[in-house]
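Enquirer: fold the following for me, if possible:
(3 chains)
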Amino acid sequence: MLNKRNLITYGIAFLIIIALNFLMPRMMPGDPLMAIYGDEALVAMTPEFKAQLVEGFALDKPLWQQFGAYVLALFQGDMGYSYYYNASVFNVIMGSLPWTLLVVGSSLVLSTLIGIVLGIESGWRRGSRTDRTMLAGLMSLNGFPDFFLGLVLLIVFGILLGVAPLSGALTPYSGLSGLTLLLDVLRHMALPVAALTLAHLAGGYLLTRNTMITVLKAPFMLTARAKGLSQKALKYRHAGRNSMLPVLTVTGIWLGRVVTGALFVELVFAYPGVGYLTYQALLTRDYPLIQGVFLIVTIAVLIANFAVDLLYPKLDPRVSYAH
Amino acid sequence: MHIDVKKEIKRSNIGRAGLSLLLLVVVIAVLAPLLSSYDPVQQSAGSLLSPSGSHWLGTNHVGQDIWSQLIYGARTSLLVGFSVGIISLLLGILFGVSAALVGGLYDKIVMRIVDALIVIPMVIVVILVAAYIKPDLPVLILLLSVLSWQGGARVIRAQTLSLKESGHVNVSRTFGASRLYVAWRHIIPDLGPILLVEFIYGVRRAVFIEAGLAFLGIGDPMLISWGMMMRDAMSFSYLNVWQWWLVPAGVALSLTIIGLTFVSHAAESVLDPRLRGAEVA
Amino acid sequence: MLEISDLHVSYGQDMVLNGLDLRLSDGESLAVIGESGTGKTTLGLSIMRLTEGKVQGSIRFDEHELLNLSEGEMQAIRWNRVAMVFQNVNNVLNPVHSILEQVAEPMIEHRLRRRGEARTRAGELLEKFGLPRERFSAYPHQLSGGEQQRVLLAMALANDPDLLILDEPLSSLDVTTKEELGDLLRMTDGRHARLVISHDLDTASRLADKLAVLYGGKIVEIGATREILQRPRHPYTRALIRAYPNMTTVKDLQGIKGRMTRPVSGCPFHPRCTQAIDMCSEIIPQLNWSQGRGIACHRGGIATLLSVVNLSKSFGSLKAVDSVNLSIESGETLALVGQSGSGKTTLAKTVIGLYPEFDGIVYLESEEVTSRGKAFYKRVQMIFQNPGESLSHRLSVLESVMEPLEIQSVGNKEQRRGKAIQTIGEVELPQTEDFLDTYPHHLSGGELQRVAIARALVLDPDLLIADEPTSFLDASIGAKILKLLLNLQEHRGLSMLYITHDIAAARKISDRIAVMLDGRIIEEGPSNMIVTAPEQPYTKHLLRSASSLALSGDGALSDSS
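Expert: Alright, predicted model coming up:
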């Protein structure tokens, strides 16, 4: 639900993010400019340019004024410049972001949906062999880190069976378009999405299953049975509809986990999303880029949480906006 | 209501399976020097050798014995896992119990901050920090702890709030007990089952994250970690060495986490009576 | 249409329905009344095949044997032919669907109508039950209890079932809503058969023409509702009606002795029954039909304890009692009301045998009483107007109470003493040594009368004749004695012949009233009828001049007796 409490929370989170981003480089010993840009980049700069930067960042002024300059720059969309990519940080990130969104979005949707369905089926048959097997199976699956799953998938499908591409989001230099382009994209994202989905399936499954167990005991389930409804209707329209609500509440928080997972999975598949970008940035000590990624990713997660809060009352009529 | 969590865990099949796995890992970690013949850090033979009698899992790209690395990796995971688990728990108790008992503005402020921290993905923050500070083991443990106590704090606070109103707690206050006494003598012990569950969650999360960070290349390079092994092995996937290099490390990591998952599931069922009954698993 | 035979439903060791038989024809309405735990909800669930218990027996619905149908076949029957309105508890409706959706759903699911039509029809039903258009898209939690009940009713009628089962449809509703919904349901009379399950007699009388009383998993009485409520024939039914607060009965509320337990054998009610015989604890009685009434009782229902036929007594030329015909049923209180000189006391004394010469016959449980011996006095006892006179000055309390036991040689001295002391406790007197040794002249009027009552009860009689027991006592003391008598009746299953000039008191204590004038019974009937609709002018006169507290013109209270 969206209410004053949540808004304050998001506000505080936002502040913390910005503060962290601002403070990290400036807490380092030594030349702040080096902390902001990394020694490699610094070497390439001319003294005049450096002076310009010092002024731009207000590095010779007290801390709070620096913070002001920083925030101001942010709101103007200026996140700094990446020497490695020779482009503004913002642009670099925006180039990779869509791929990550694609993978994360698909995985989130798939893992939530499949998780809910499995949870409903499992909860419906609670105690049966199917249920126990699914429970043990999914909990075991949950124990595999997403990058390991990714690696296993890569080896099995990519190397051993040779049916999936080993890296990238597109076949390079292929000049495809239209349907074939779409298929190419799908082929490349299949494994990363599969890895992420499998890794996060258990969350939705467990929560739905547990809720299902409680819901099945509710009086309205007896009413529904008395109406002579089919098993399917009872399971999904009545029990399921009620059981999936808790999952949707925590989807926002899980988004953070899936995004984190994407970082690793992109690395495994050399998929050109934000995660892979981050990894490269870490290797090259491209601090502005790292900071930019941090900022964008965390704020994206905040926005997603916000969106879920807005949508939730539409699904659960018992919840209304608090005034 | 007296719940003996440990007994309940042992009673469920899944709980027992989990405990066995964990025990296995712990034993391996403790007996590491006995189980491996080489120092995992030293180069002991040529690079990328296949498994043989002297090197059960062969050697890696630098010539280190993979089996030894696997064994010693258990130590890292467990060390980081349990340390972070404990520190997180302590922080969670500190803030959760105090927020519930003190109430008022303090409670509101603490909870807002907790909620804010929960929304921010932990790993990304660590990546940011690690880019600037190259963390060695103690720093890593501290960092992870500071970022993962929030979930537990919420649960502990909720439980404390309900305990606060319980009979024996109120009675002790009528004897003039201070809040600190009440917290120490009455509330924290009664929180037992919840604390155990939160602790296990914490360990699980920490093992996961430490491996992930090592996989990314963040972390103490001197530390033998399964994540690091997987990272190294990854670059050589095209050579047929993954079977004895990548897979064992991944499986070891996974089994550890699965063990923790199973145990925490069994513990959860204990706390939530609705899940008991026909819960045969 | 619906025929249930020998239905047994058990949950584990607990046999909830124990050989239940029931029949319902098309369009009929039947109420099944039972207190909580008697298995009435289980009955409804069993018909729908929704119970988790083990079901044995037969439930025939038209041509189907419901217990043999597969789940799939049962699904087709549910809601289409048999629909159920569940008890209105929290969450009986799905919280995430609007009420319109929920009412329309069964029509759509069973393919009776398409979506659009179903929603329209659902709207019609909701409106018929008093929910306006604006509320159609509301969710259950936004509705009040009464509104939810309306939705449940509308929903049940959606597929136009042949049989409607209603589980406590009117409980927890305010009176106006009860009336409204009751009338709405009545309007569907004939279209659907109605099986109403309730603990509430008011609901039963509003909604059903026939009534079946459930006890211990069996039907103990069944017949037309009006008739049963006016004249119950089974001891349990009578007790139930007595315990039920309503505007028509006038007798003070009484509970039923004992608690409901499941006896191992015999009639389920026998541990609490006021007229149980040996057979009752051994063999389960079956339903026997006579004159449109089914009763499961080895004694054929409430038995007549005492009856007098053409009883006459004269003193010389004065005919004190003139051809009186009266009967007193087991567990019942008959009040004999009349002014002084009407012959009521004479009648009582004749019955008890203090006037050995009389005309007419006295029957005790259908057997003619030829001599008044110890056997008779073991079963019939009397207490008199003036307790001071009826108790000997020379006997202490304990001795007085023990006297009947000694005369009848009951047990040994220890046992007699024990029994006496126990009975003294029953009449709410102290059981201390001091008190037991007290002599009558130290006791108050109320205490004396209690001692007399104890003495009368010590032989465990079936019938107590009380001749104006409170006329010598203060009003407040008299009230307590009345209460005591009612309690004793409840505990012991006592029958009472209560003789009084005060019709107001008679009203409070009796099930039936007989009005006596000049030696004849001029009017007799159930207390509430006599008091509210008297036929004889004399009766009316008695009522008019009965004690009532009325405000006189200047606002002061006056006792116009």
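Enquirer: okay, buried residues for stretch C:308-316 please.
Expert: By 16 or more other C-beta atoms under 10 Å in any protein chain shown, the buried positions in stretch C:308-316 come out as C:308, C:311-313. All C-beta spots, glycine's among them, are computed from the backbone N, C-alpha and C.
Enquirer: quick one: which of the residues you listed sit in helices?
Expert: Among the buried residues of stretch C:308-316, no residue falls in helices (DSSP state H).
Enquirer: between those, which is nearest chain B?
Expert: C:Val308 (64.7 Å; C-beta to the nearest C-beta).
Enquirer: how about the strand or helix carrying B:Ile124 as PDB, C-alpha atoms only?
Expert: Element membership of B:Ile124, judged by DSSP states H and E, is helix B:122-132. What follows is helix B:122-132, C-alpha atoms only, in PDB (Å, rounded to 0.1, in the frame of the first residue of the first chain):
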ATOM      1  CA  MET B 122      22.700  -5.200  -0.500                       C
ATOM      2  CA  VAL B 123      25.000  -6.600  -3.100                       C
ATOM      3  CA  ILE B 124      25.100  -3.500  -5.100                       C
ATOM      4  CA  VAL B 125      26.100  -1.400  -2.100                       C
ATOM      5  CA  VAL B 126      28.900  -3.900  -1.400                       C
ATOM      6  CA  ILE B 127      30.000  -3.600  -4.900                       C
ATOM      7  CA  LEU B 128      30.100   0.100  -4.600                       C
ATOM      8  CA  VAL B 129      32.100   0.100  -1.400                       C
ATOM      9  CA  ALA B 130      34.400  -2.700  -2.600                       C
ATOM     10  CA  ALA B 131      35.300  -0.600  -5.600                       C
ATOM     11  CA  TYR B 132      36.900   1.900  -3.300                       C
END
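Enquirer: what's it in contact with?
Expert: Residues outside helix B:122-132 that contact it (C-beta atoms under 8 Å, 6 or more residues apart in numbering or on different chains) are A:20-21, A:24-25, A:27-28, A:35, A:256, A:259-260, A:263, A:278, A:281-282, A:285, A:287, A:290-291, A:293-294, A:297-298, B:135, B:143-144, B:147-148, B:209, B:212-213, B:216, B:218-219.
Enquirer: any idea how far whichever residue of the stretch 151-281 of chain B sits closest to chain A is from A:Ser177?
Expert: Closest residue of the stretch 151-281 of chain B to chain A, C-beta to the nearest C-beta: B:Ile258 (3.2 Å). Distance of B:Ile258 to A:Ser177, given as C-beta to C-beta, to the nearest Å: 45 Å.
Enquirer: cool, and C:Pro537?
Expert: From C:Pro537 to A:Ser177 the distance is 110 Å (C-beta to C-beta).
Enquirer: got the buried residues for stretch A:278-293?
Expert: Residues of stretch A:278-293 classed as buried by neighbour count (16+ other C-beta under 10 Å): A:278-282, A:284-293.
Enquirer: spell out the secondary structure type for C:Gly360.
Expert: Of the three states, C:Gly360 takes strand under DSSP: H, G, I helix; E, B strand; the rest coil.
Enquirer: does it touch C:Ser314 like I think?
Expert: No. Using C-beta atoms under 8 Å, C:Gly360 makes no contact with C:Ser314, being 11.7 Å away.
Enquirer: count of residues packed around the residue of the stretch 151-281 of chain B closest to chain A?
Expert: 23 (other C-beta atoms under 10 Å in any protein chain shown).
Enquirer: surely B:Ala252 is within a helix?
Expert: Yes. According to three-state DSSP, B:Ala252 belongs to a helix.
Enquirer: does it touch B:Gly73 like I think?
Expert: Yes. Using C-beta under 8 Å, B:Ala252 is in contact with B:Gly73, at 6.7 Å.
Enquirer: which ones are touching the residue most central in space within chain B?
Expert: Residue closest to the mean C-alpha point of chain B, counted by C-alpha atoms, centre = their mean, is B:Val203 at 1.3 Å. B:Val203 makes contacts with B:81-82, B:84-85, B:260, as judged by C-beta under 8 Å, 6+ apart.
Enquirer: filter those residues to the buried ones?
Expert: B:81-82, B:84-85, B:260.
Enquirer: and for the residue of the stretch 1-150 of chain B found nearest chain C, the neighbour number?
Expert: Residue of the stretch 1-150 of chain B nearest chain C, by C-beta to the nearest C-beta: B:Arg11 (23.9 Å). For B:Arg11, the count of nearby residues is 13 (other C-beta under 10 Å).
Enquirer: could I get the pLDDT score of it?
Expert: Per-residue pLDDT puts B:Arg11 at 71.
Enquirer: what do you get for the one 10 residues further on?
Expert: The pLDDT attached to B:Leu21 in the predicted structure is 86.
Enquirer: in which helix or strand does it reside?
Expert: Here B:Leu21 sits within helix B:13-30, counting by DSSP H and E.
Enquirer: go on, C:Glu3?
Expert: strand C:2-11.
Enquirer: re earlier: roughly how far apart are the residue of the stretch 1-150 of chain B closest to chain C and chain A?
Expert: 15 Å (C-beta to the nearest C-beta, to the nearest Å).
Enquirer: quick one: secondary structure of the closest residue to chain A within the stretch 301-450 of chain C?
Expert: Residue nearest to chain A within the stretch 301-450 of chain C (C-beta to the nearest C-beta): C:Gly301, separated by 36.4 Å. Assigned by three-state DSSP, the conformation of C:Gly301 is coil.
Enquirer: thinking again about what came up before, so the residue of the stretch 151-281 of chain B closest to chain A versus B:Val207, what's the distance?
Expert: 11 Å.
Enquirer: leaving out the residues flanking it, which one is nearest to whichever residue of the stretch 151-300 of chain A sits closest to chain B?
Expert: Residue of the stretch 151-300 of chain A nearest chain B, by C-beta to the nearest C-beta: A:Gly256 (3.6 Å). In space, and not counting its chain neighbours, A:Gly256 is closest to B:Pro121: 3.6 Å by C-beta to C-beta, 6 or more residues apart in numbering or on different chains.
Enquirer: just the pLDDT for residue 36.
Expert: Here I'm looking at chain A. 67.
Enquirer: ah, no, chain C please
Expert: 75.
Enquirer: that one: how many residues sit nearby?
Expert: 9.
Enquirer: and the stretch 1-150 of chain C, which residues reach chain A?
Expert: When proximity is defined by C-beta under 8 Å from any C-beta of the partner chain, the stretch 1-150 of chain C lies next to chain A at C:48, C:50, C:74-80, C:83-84, C:86, C:89-98, C:105-106, C:109-110, C:139, C:141.
Enquirer: ok, back up a step: now the common contact residues for B:Ala252 and B:Gly73.
Expert: Common contacts of B:Ala252 and B:Gly73 (C-beta under 8 Å, 6+ apart): B:Trp226.
Enquirer: measure the residue of the stretch 101-250 of chain B found nearest chain C to B:Val114 for me?
Expert: For the stretch 101-250 of chain B, the residue closest to chain C is B:Ser162, as judged by C-beta to the nearest C-beta, at 22.0 Å. Using C-beta to C-beta, we find B:Ser162 at a distance of 18 Å from B:Val114.
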